[in-house]
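Trainee: The following comprises the amino acid sequence and a computationally predicted model.
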Amino acid sequence: MVDKIVDQFTIFSLFKLFIHLTKELHLCHVFILSSDILFIKKIYDIARLQGRADYILIDDFDEDTAGKFLKKYKFTGEEVKYVVDNFGGKPVYLMNRLMQKDLKGN
C-alpha cells in the first residue's frame, strides 16, 4: 500500500521532518496512528526510525480483558457477554459502546 501512495524517498523525507521537529527543534511531538500494523512497520523500516522513535502495537483485548474493562464501567454480566460476543475485544468498539451507554443512561 505504501508503495502505491508515495515512494520510499518521500516517506523517508517526511519522517526526517518529523524527527527535526521533535528531536532537534523541540517544537512538538508527532504521533502517527494506523489500524494497519504492516503499514506502520514498513514506514518504520523505510524511514530508519529504530533508535529514534518507537511504535506501539495496541492489539485487541482478549475476552477476559474486555470483560474486566466493561465491568469497570458498570456493565452487567449480560451486557458484557453481548458486547464481547458481538464486537469482540476491539478497543474502539468497546469505547463506542461505553459512550452509547452513557448517552442513553443504560
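Mentor: Received it, and whenever you're ready, just let me know what you need. Source: prediction; values computed, not measured. Residues are numbered from 1 along each chain as shown.
Trainee: what about residue 31, how many residues close to it?
Mentor: Residue 31: 6 surrounding residues under other C-beta atoms under 10 Å. C-beta coordinates here come from the backbone N, C-alpha and C atoms, glycine included.
Trainee: Check residue 83 too.
Mentor: Per other C-beta under 10 Å, the neighbour tally for residue 83 reads 22.
Trainee: try residue 10
Mentor: Neighbours around residue 10, by other C-beta under 10 Å: 12.
Trainee: List the buried residues of the helix or strand hosting it.
Mentor: Counting by DSSP states H and E, the element that carries residue 10 is helix 8-19. Across helix 8-19, burial judged by 16 or more other C-beta atoms under 10 Å covers 11, 14-15, 18-19.
Trainee: which parts of the first helix or strand past that helix going along the chain are buried?
Mentor: Counting by DSSP H and E, the next helix or strand C-terminal to helix 8-19 is helix 37-46. Residues of helix 37-46 classed as buried by neighbour count (16+ other C-beta under 10 Å): 40, 42-44, 46.
Trainee: now helix 37-46 against helix 8-19, angle please.
Mentor: Here the directions of helix 37-46 and helix 8-19 differ by 80 degrees (axes from the mean of the first three to the mean of the last three C-alpha atoms, to 10 degrees).
Trainee: so what does the helix holding residue 10 touch, helix or strand wise?
Mentor: helix 37-46 (3 or more C-beta pairs under 8 Å, 6 or more residues apart in numbering; DSSP states H and E).
Trainee: contacting residues around the helix it packs on?
Mentor: Residues from elsewhere that reach helix 37-46, judged by C-beta atoms under 8 Å, 6 or more residues apart in numbering: 1-2, 8, 11-12, 15, 32, 34, 49-50, 53, 55, 57.
Trainee: how about JSON lines for those residues, with pLDDT and distance to residue 91 added?
Mentor: Formatted as JSON lines, these follow (pLDDT from 0 to 100; distance: C-beta to C-beta, whole Å):
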{"residue": "1", "pLDDT": "51", "distance to residue 91": "23"}
{"residue": "2", "pLDDT": "52", "distance to residue 91": "25"}
{"residue": "8", "pLDDT": "75", "distance to residue 91": "31"}
{"residue": "11", "pLDDT": "78", "distance to residue 91": "27"}
{"residue": "12", "pLDDT": "79", "distance to residue 91": "31"}
{"residue": "15", "pLDDT": "83", "distance to residue 91": "26"}
{"residue": "32", "pLDDT": "83", "distance to residue 91": "18"}
{"residue": "34", "pLDDT": "80", "distance to residue 91": "14"}
{"residue": "49", "pLDDT": "80", "distance to residue 91": "24"}
{"residue": "50", "pLDDT": "83", "distance to residue 91": "26"}
{"residue": "53", "pLDDT": "80", "distance to residue 91": "22"}
{"residue": "55", "pLDDT": "78", "distance to residue 91": "17"}
{"residue": "57", "pLDDT": "80", "distance to residue 91": "12"}
